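Engineer: could you look at this predicted model? Sequence included:
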Amino acid sequence: MNLEIVKPEIEANIPGCHLEMVTNPSPSAQHSLLLDAEHAFAVALYLRDAPNLRFDFCSNVTGIDWPGKVVAQKVKVRKLVDGVEQEVEETHTTTIPGSLEVVYHLYSVEKKHGPIILRMRTQDREAGVHLPSLTPIWRSAELQEREIFDLFGVIFDGHPDLRRLLMWDEFQDHPMRRDYVDPDDYEYEPTAHDEVLQRAQQHFSQANPVQPSEEEGR
Amino acid sequence: MVGEGILKGLAETARNFFGSYVSKDRLTTVQYPEQREPQIEATRDFPFLVYDGADWQQGMRCVACQICEKECPPKCIYIDKSKDKKPDAFGKSQFYPATFNIDISVCMSCQICVEVCPFDAIKMDVDYHLSSDNRFGGLMLNKQRLSKSNEYYNAIHPTEAAAVDAQRAEEKAKLDAKAKAAADAKAAADAKAAAESSLAQFAPNQSAAGDPQ
Amino acid sequence: MSTATHSAASFELEQATEPGMDQLLEIAMGPQHPSTHGVFRMNVLLDGERVVRLKPVFGYLHRNHEKIAENETYLGSMPYTDRLDYMCPLTNNWAYALAVEKLAGITVPERAEYLRVITGELTRLQNHACLIGFLMQDMGASGTPLMYAFRQREIILDLFEALTGARMMCNYMRFGGCRVDLPAGWLDQAKKVVAEFPLFLDEYERLLVSNEILMDRTQDVGVLSAELAISAGISGPMARASGVDYDIRKVDRYSIYDRFNFRVPLGSHGDVYDRFMIRVLEMRESVSILQQAMRDIPEGPIVDPKTKIRGFRPKPGEAYGRIEAPKGELGFYLVSDGSPNPYRYRVRPPSLINLTILEDLCLGRNVADVVVILGSIDIVMGEVDR
Amino acid sequence: MTCLALWMPQLDQIFVTASHWLLSYLPAALQPLASAILSVAAIIVAFATLFALTTLLERKGLGRMQNRYGPNRVGPCGLFQPLADGVKSLTKEDIVPIRADRAVHFMAPVLLVAASFMGYAVLPIGRNMIMVDMNAGVLFFFAVGSLMELAVFMAGWSSRSKYSLLGAMRAIAQMISYEVPLVLASIVVLMQAGSLSTVSIVNMQASYSGIWPHWFVFTPWGFAGFVLFMIAATAESNRSPFDLPEGESEIIAGYYTEYSGFKFALFFLGEYIGMFATSGMAITLFLGGWSAPFSFLAWVPSYLWFFAKLLTIIAIFIWVRGTLPRLRMDQLMNLAWQFMLPMTLFNLIIAGVWHFMPGGLLRWLVCSTMVVVPCILFGGGLKRKKKFQIRTYHFSQ
């Protein structure tokens, strides 16, 4: 499906919507469309119902975490140092804000074409970021959006039953985020690796007076 | 007629009931401790270390390059590199693993360590009688328990081992030729003494390596 | 452990507060239940034996496969894919290899494509045969069909072991091909197995297809309409049983499926019986594909020589690759940032997404139907929970 | 040969004479009590052994049907497997749910076993081998049989488990529904025999014309009655395909979900003993009890014939279990009330017609048609209502 044809068509039909092409440099060349959150629902509905498109099958929904980056750049600047103009290196840091991204892969059962890839991004990646849910359009997003809510922490507005899917309800964090630190309350498992062993031993000596009876057999 | 399909099904189970007494194909169960399935050559379960010759410490092919440790998906291999070096089967002076542990309670028999090993030192075993009464130590195999001879490797995976041996023999021949050429060149420059010393250097290792052909 | 107790507690609270609930019976079917196909749980609200509400609870087997894969090399995730849908490791391998090949632009030699088709279709045969066995087990057939299926599966697993070295955790596909070539005599043995498979199918059909009890239990039970199937992303035999003409082997024509002559069976009712029959018919088509593939397999290399085993770093970008796995559309979505580990690795699990409509199918049916409907969806918890 | 002919009647009566001989040593006042105790002990031992044997046969038979060996590790050919199972269930922990009604929870399996054994009082196992020749024997049998329902419900109710409750509900619904056709199917025999005494029913069948016996199953109404009785008996004893009360894929183990250890084994025992009892009643009513199938085989001891017939019926039970999937509750009820009940009622009319028509081919023809036609009608009605059929499938291009 050629996005260059689809994109102006959508823009013509959904007034005010802002689409952005995200090119994919890899050999797969699966380019995608970045939607803005306000018009995402309308665009998705159009994609499903437009008679020449009919993307009725939402195959895959997933999230990607893009943490904010601090990029340090060394720039040579001319400056007056001790009254003499010199070329001095200075470090400029720019902060690229992070975001959580949700990706939808759409196919058409009726027309047998696809995929078309939609993306949505949140403003930041703090707790309680919202995106519109596309579950009312494609039922298949129901469990997958729940999974993204569970593992990434994106709150989908309009989702009929937004609960955690894989983790238990009382779980706090979102494990698929890049900065997730796993708690060290795992079962003691003998391993040949020092760091795991150390953490396990530390945990057991602190939290639990019962030491594992067997030493690892190195 | 109601019940036709039920009668058909009953006939089918009756056929299987009597068939299981007649036909061996139907009764596929293997009565395990008494009967064994024939060993399939490609079978793999856990890795072992190959050594050449008679002495496992002397002939160990592993040079502690630690590639397998890095590539192992569940990270079940642990290697300590030795401080000193010793000559390997080709006569090159190499490191050897001071510690080589595989935790087979973690290992998932994926064979990636075998694929990445450039020295044909680690191969997959077929021994599945591994029960142990020691949950932690019993399944942590150390260097000695992991070492198995090249003959054993030839016995369990004959086709694969033959190919490996042929390749190693070729490599060795190349190295020998190279060494010989170097020796000849040296002999041309110097007289006999140098050639003798180089021969003396190779002689013991050749015997230790065993004859790959 | 904490999952179970907490959820149970919250549930009891709910039961007490909602009006009219005191007349209903709340049952947690699972996670330890004989017919939930693993550690799956359904919170079922019953009026007598009629289902009023059904909420599936997932995650008992969750191990965050995707996070593990983000910390592994690309190759290092290959053995983990075996453990997703452990009934069909080879198609999992294939889907992952396909996604990576798309991501890195690797071509696959022809012989390797044939090997993939052969192993993939053998996987489909054994998965469908066993699924029908499990379905009958759920229906209370005391395991007879299941045992016949397992007898046949054993023969196919022996083939897998001779080729890949393992019966279930095959770890066979590599990026740009396959790991090892066929051992001597394998093809003849496989031809024999495939030639005998229709005999087993005949036996299966005589035992099951016209059985009145089975028809009574399955026909018009768990009817899934084509519209809902498409909207809910149902794929594989389950969608085709509802009459959705969508087989990725035909639509995407991935690998070399355009070379084979095979038909796609379609159901018209979308009930459990159709799901069962579609699988029987698909096995027959798979046998035909296998016969064609084993006849035509060429000689040649089995792996793309340019692909490195170590230090494999695809260029930045992303790719979504999908295949028609026995359970439905199995897709892998990969994002590369140029490092040896995938930046994002996502499995599109057909088992999980096919469960989306579980409640819709079960409402108004009774407990006995719930297990049959669940059995006909064909789930493997390793894949659902990942 | 003559010696054998002389000894065979002796062998036939060996248990009877042995018990008389034993009792003759006791004072006359104690004799009735001792006689009862002796017979009870004999029945318990015989049928408990048969139970052990059946569990083994069932597992082996199912195994062979499924292309497996079945148990073959304990003892030669796995013969001691039941013993090992018994030891295992005795050594297992006896778990009672905290909130269960402990007394009822304990009594249920005991009552089940006791009730299932009581039916044997009126079953003639061999010639002159019956505990009580009651003149209302059949009535007593069904009355005692319905006690099992109470035991099952006690088990399900007292466990305080949702699955147990569901299982008990299913069991009650099923057993009461099938009690009706079970009794109705046996009434045809009572009509013909004119007696409720099991002994006289068997005696009526134990004569021969030529080599053929006068078993009731060899008449149209008797055959229909036998088949209906067996279907109802399968449902009564919760055997596959009517094993809904304990349908393990749906409600774990039904009413005995919360039982473990020896209590569980008692449920198992009670169920099998009940199954033997109903099968024994089917043999008594339709298959000529202990009588030989051919007149020239009449010299074989009568109790051997009884057990041979019993084992044949058990084999059929096992065979059916190995083949058929389970029915659903509503289908089970439909079968009971829409097929079994009208068929058994119609069978009464057939039996009456048979009784009043003069013997001969015409009687056979008329009665057979009268069996086949309603069977097709009612069965077809069942099928038509559900609209199930073998389907054809199309392929996409």
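Structural biologist: Arrived safely, thanks for sending.
Engineer: count of neighbours near the residue of the stretch 151-300 of chain D found nearest chain B?
Structural biologist: Per CB to the nearest CB, D:P241 is where the stretch 151-300 of chain D lies closest to chain B, at 8.9 Å. (C-beta placed from N, C-alpha, C; glycine too.) Residues lying near D:P241 (other CB atoms under 10 Å in any protein chain shown) number 24.
Engineer: report the contact partners of it.
Structural biologist: C:140, C:213, D:234, D:320-321, D:324-327 (CB atoms under 8 Å, 6 or more residues apart in numbering or on different chains).
Engineer: neighbour-wise, give me the winner out of the residues you listed.
Structural biologist: Counting by other CB under 10 Å, top hit in the contacts of D:P241: C:G140 with 29 neighbours.
Engineer: and B:Q58, how many neighbours?
Structural biologist: For B:Q58, the neighbour count with other CB under 10 Å is 18.
Engineer: what's the helix or strand containing it packed up against?
Structural biologist: Per DSSP states H and E, B:Q58 falls inside helix B:56-59. Counting by 3 or more CB pairs under 8 Å, 6 or more residues apart in numbering or on different chains; DSSP states H and E, the packing neighbours recorded for helix B:56-59 are strand B:47-51, helix B:192-209.
Engineer: which residues of chain B fall in strands?
Structural biologist: Ranges of strands in chain B, per DSSP state E, are B:47-51, B:77-81, B:86-87, B:93-94, B:97-103, B:122-124, B:140-141, B:147-149.
Engineer: so of the ones you listed, which one's packed in deepest?
Structural biologist: Counting by mean count of other CB atoms under 10 Å in any protein chain shown, strand B:47-51 has the highest mean neighbour count of the strands of chain B, with a mean of 25.
Engineer: can I get the CA coordinates of it in CSV?
Structural biologist: The C-alpha atoms that make up strand B:47-51 are tabulated as CSV, following Å, rounded to 0.1, in the frame of the first residue of the first chain:
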residue,chain,number,x,y,z
PRO,B,47,27.0,-29.3,25.8
PHE,B,48,30.3,-31.0,26.6
LEU,B,49,33.9,-30.1,26.0
VAL,B,50,35.9,-32.2,23.5
TYR,B,51,39.5,-33.1,24.2
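Engineer: touching chain A at all, that strand?
Structural biologist: No. Strand B:47-51 stays clear of chain A (CB under 8 Å from any CB of the partner chain), getting no nearer than 13.3 Å.
Engineer: near chain C, which residues of chain B are found?
Structural biologist: So chain B meets chain C at B:2-6, B:8-9, B:11-13, B:16, B:26, B:28, B:40-44, B:67, B:71-73, B:108-112, B:115-116, B:124, B:159 (CB under 8 Å from any CB).
Engineer: near chain D too, which of the residues you listed?
Structural biologist: Applying CB under 8 Å from any CB to the residues of chain B next to chain C, one finds that B:2-3, B:6, B:9, B:12-13, B:16, B:26, B:28 fall near chain D.
Engineer: of the residues you listed, buried ones?
Structural biologist: B:6, B:9, B:12-13, B:16, B:26, B:28 (16 or more other CB atoms under 10 Å in any protein chain shown).
Engineer: burial check on C:I309, number of neighbours?
Structural biologist: 15.
Engineer: that one: which element?
Structural biologist: Using DSSP H and E, no helix or strand contains C:I309.
Engineer: thought it was touching C:G76?
Structural biologist: No. Counting by CB atoms under 8 Å, C:I309 stays clear of C:G76, with 11.0 Å between them.
Engineer: circling back: the ones next to chain D among the residues of chain B next to chain C: which two are farthest apart?
Structural biologist: B:V2 and B:T28 (35.0 Å; CB to CB).
Engineer: which phi and psi does the residue of chain D found nearest chain C have?
Structural biologist: Closest contact between chain D and chain C, by CB to the nearest CB, is at D:R326 (2.9 Å). In terms of degrees, to the nearest 10, the main-chain angles of D:R326 are phi -80, psi 150.
Engineer: so what's it up against?
Structural biologist: By CB under 8 Å, 6+ apart, D:R326 lies in contact with C:139-141, C:213, C:217, C:368, D:240-244, D:247, D:249.
Engineer: also C:V180?
Structural biologist: B:42, C:163-165, C:172, C:302.
Engineer: helix, strand, or coil at the residue nearest the centre of chain A?
Structural biologist: Taking CA atoms, centre = their mean, the centroid of chain A lies closest to A:I64, which sits 2.0 Å from it. Classification of A:I64 by DSSP: H, G, I helix; E, B strand; the rest coil places it in strand.
Engineer: pLDDT wise, what is it at?
Structural biologist: If you check A:I64, the pLDDT there is 89.
Engineer: go on, the one 5 residues further on?
Structural biologist: Per-residue confidence for A:K69 comes out at a pLDDT of 80.
Engineer: identify the bridge partners of it.
Structural biologist: A:I96 (DSSP bridges).
Engineer: ok, it - how many residues close by?
Structural biologist: So A:K69, with other CB under 10 Å, has 11 neighbours.
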